[in-house]
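[1] pasting the sequence and the predicted model now:
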Amino acid sequence: MFPIGVHSEAEAVLCPIRMILSKVTGKWQIIIVLCLEDGPMRFAEIKRTVGDITQRVLTENLRSLERDGHIARTVFPGPPIAVSYELTERGRAFVEALKPVLYWSANHLEPVKASRAAYDAEHAK
């Protein structure tokens, strides 16, 4: 088993597994890197593709992914100024690492839904 246990908050901050996974496994980060899998996109394209994300949340997540080196932001001089985002090598490696989880999720959706329905019916009493 990977060393995931810690004894203090100070240890948690230094844990590489927690440091990395807490940043890239959030709902939005995964969706954003998957949006960029096929190539660079502008902010509005990402927002349209994701659909249910606010401009503020998208901006925060793009900055976080850029800060950690998963995506690159390129500014093209204008007028008008254009900005695009694309995966870095690290970001592409992350997408490749995610694919087995994505396939697993797709293949297990119906059994999970059935388990949820059974659980909800049992605990509704």
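    On my side now, so go ahead. Numbers count the residues shown, from 1 in each chain.

[2] what's near enough to touch the residue nearest the centre of the chain?
    When C-alpha atoms, centre = their mean is applied to the chain, the residue found nearest the centroid is Ile30 (1.8 Å). Listed by C-beta atoms under 8 Å, 6 or more residues apart in numbering, the contact partners of Ile30 are 24, 98. Every residue, glycine included, has its C-beta placed from N, CA and C.

[3] go with 7 Å
    Leu98 (C-beta atoms under 7 Å, 6 or more residues apart in numbering).

[4] which helix or which strand is home to it?
    When elements are assigned from DSSP states H and E, Ile30 belongs to helix 27-35.

[5] in that helix, what's buried?
    Across helix 27-35, burial judged by 16 or more other C-beta atoms under 10 Å covers 28-35.

[6] return the member of the residues you listed nearest to Arg92.
    Nearest to Arg92 among those is Val33, at 8.8 Å by C-beta to C-beta.

[7] wait, doesn't the closest one sit right on Ala93?
    No: judged on C-beta atoms under 7 Å, Val33 makes no contact with Ala93 at a distance of 10.5 Å.
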